[in-house]
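In: Sequence and predicted model, in that order:
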Amino acid sequence: MMISSRSKWFLFGIVFLICLWYTVSFLVGSSLIFPSPKLVFAQILEVTKTGQLFLYLWQTFYKAFLGLLLALLVGLFVGFIIGLSQKLYELFRPILMIIRSVPIVSWLSSVILLWGIGWKGVVFIVFMTLLPTVIFNISEGVKSVDVRLLEMAKIYSVPRKRIFQKIYLGSVLPFLLSAINVSIGTMWKAAIVSEYLIGDSGLGVQIFQSKFYIDTPRVFAFTLSAVIFGLIFEMIFSWLWERYFGEKGDRVT
Amino acid sequence: MKKVIELLDLCKDFGKLRVLKNINLTLYESQPVAIVGRSGCGKTTLLRIIANLDSPTAGEVSRSFENIGYVFQEDRLIPWCSILENLSFVCEEIVQVIDTLRLVGLEEFKDYKPRELSGGMRQRVNLARALVKKPDLLLLDEPFQSLDVVTKSKLISDIRRILEELKTTCVIVTHDIREAACLAQKIYVLAGRPATIVGQVELDRKIKDLFDPQILKIEERITSLQQDS
């Protein structure tokens, strides 16, 4: 099997990372502060064998995904509306800028009082973290609609529904996909931090408990598992994007 | 002959700048006409007023057509839709869409995306989209601007064949007198600042192609009309 030059350098990067990790853990000399890769991978293997890892991953995933789904639904709707009207865009901009800048911990007191410890608060925080990104992306997509295409549709008296389906949705799609791409990375971080603070299950809770018992290798193991799973999820999405929306075919001359 | 469009004392201002002044023009059914003028003289503005995309500042426009076909300077195709989808966007009758693609010789490219086609082919799709709803009036706005001579020549002979076949009323605006002479029976000359119609040339004999020697005489007459203004 041929390995491309880029993949080769990426693999070298991983080997370099592991070597660096070994060196730092050796220099630090304490597995409580900075455990070695061997210890961390042993922990991953252990939780994988018992099947616990997949359960924790699933518990985090469904909350993160639910938050993403809600952000996409609301974001699409609001993004379209504010994208069509500059006045509404300016009206919503301060609110969205504030939501975007609010740190996750600042939502906590309200969320705990509203729903207590559990999944709802986590979903809400993921939703609030992703919402501004989705709204801003969608509204940019709507604004980028080619007015010349709209003029062409006007000439031929094309019904509004078809204009929306073919011109607006088509223009917004790349912006929506880019919003999803960015959100996939962010949703994991937001979900794990929220679980850590107000969750009752999932990777965040496991990291919290491992930290409580000063089991640093386990903290590293869960963190690394979340990173790997997040990357796999991102790669699957990128692959689907390339497959369905990538450049296809040659130009006829 | 039935009037398709009539412009009476039409004027158009952009802010303080008057672009068109006292345009009087009547177009009749099944008659291909051309409006020629130098770049930036207001030809496209006039065509946009005819198409109801712009409104005049003064004067009257009476339109007696239902369907319009507009061949834009740039193709204005939806980039993410196939050629078939681009035509179906304006006309849902799939049989009619396929027939029109056949008419412009692009039936086998129906599943291609616009970026997969050459400039000449995209202009053919632009033309097909304008024809698909069987328009009463076909407007062509400098449709050959970005094409090389060979492609232009081929497309002109195709448009002539199609116009003869469909008997559609057609208005072409162009700065190129050769293109106008090849496609129209009557050429209106737009000139001056603000622009107005300074004269017209009737073509009694059919022009063969872009290289017909007759065009030279027509060019001379039109150039002298433009210079007089």
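Out: That came in fine, so what should we check first?
In: drop to CA atoms for contacts and neighbour counts, all remaining ones
Out: Fine.
In: Please report how far B:G199 lies from B:I222.
Out: Separation of B:G199 from B:I222 (Cα to Cα, to the nearest Å): 8 Å.
In: ok, the two, which is more surrounded?
Out: Set side by side, B:G199 and B:I222 show more neighbours around B:I222, with 23 against 15, by other Cα atoms under 10 Å in any protein chain shown.
In: didn't that one look like it was pressed against B:V189?
Out: Yes: with contact defined as Cα atoms under 8 Å, B:I222 reaches B:V189; the gap is 6.9 Å.
In: next one: phi and psi at B:V36?
Out: Backbone geometry at B:V36, expressed as degrees, to the nearest 10, gives phi -110, psi 150.
In: Who does it form a beta bridge with?
Out: B:T174, B:V189 (DSSP bridges).
In: Show me the shaky parts of chain B.
Out: B:204-205, B:229 (pLDDT under 70).
In: Look through it and state the residue closest to chain A.
Out: Across chain B, the shortest distance to chain A (Cα to the nearest Cα) belongs to B:E116, at 3.8 Å.
In: who in chain B is up against chain A?
Out: B:51, B:53, B:67-70, B:76-78, B:80-81, B:89-90, B:115-118 (Cα under 8 Å from any Cα of the partner chain).
In: List buried residues within those residues.
Out: In the residues of chain B next to chain A, burial by neighbour count holds for B:51, B:67-70, B:76-78, B:80-81, B:89-90, B:115-117, counting by 16 or more other Cα atoms under 10 Å in any protein chain shown.
In: quick one: which of these sit in helices?
Out: Assigned to helices by DSSP state H, none of those qualify.
In: Can you tell me which of these end up in strands?
Out: B:I68, B:G69, B:Y70 (DSSP state E).
In: I figured the second one hits B:D141, correct?
Out: Pointing back at B:G69 there. No: using Cα under 8 Å, B:G69 is not in contact with B:D141, being 11.0 Å away.
In: per the record, what domains does chain B have?
Out: Segmentation of chain B into domains, based on automatic domain parsing, reads B:3-66+B:136-228, B:78-134.
In: okay, the ones you listed, which one's buried deepest?
Out: domain B:78-134 (a mean of 20; mean count of other Cα atoms under 10 Å in any protein chain shown).
In: Span of that domain from start to end?
Out: 21 Å.
In: try stretch B:60-70
Out: Stretch B:60-70: ends 21 Å apart by Cα to Cα.
In: next one: that stretch to chain centre, how far?
Out: Its chain's C-alpha centre and that of stretch B:60-70 lie 14 Å apart, by Cα atoms, centre = their mean, to the nearest Å.
In: Not counting its own residues, what contacts that stretch?
Out: A:155-156, B:3-10, B:50-51, B:127, B:129-131, B:133-141 (Cα atoms under 8 Å, 6 or more residues apart in numbering or on different chains).
In: quick one: the helices in the stretch 151-253 of chain A?
Out: Per DSSP state H, counting those that start in this stretch, the stretch 151-253 of chain A carries helices over the ranges A:160-163, A:169-198, A:203-212, A:216-245.
In: wait, isn't A:G118 in contact with A:L197?
Out: No: using Cα under 8 Å, A:G118 makes no contact with A:L197, being 10.2 Å away.
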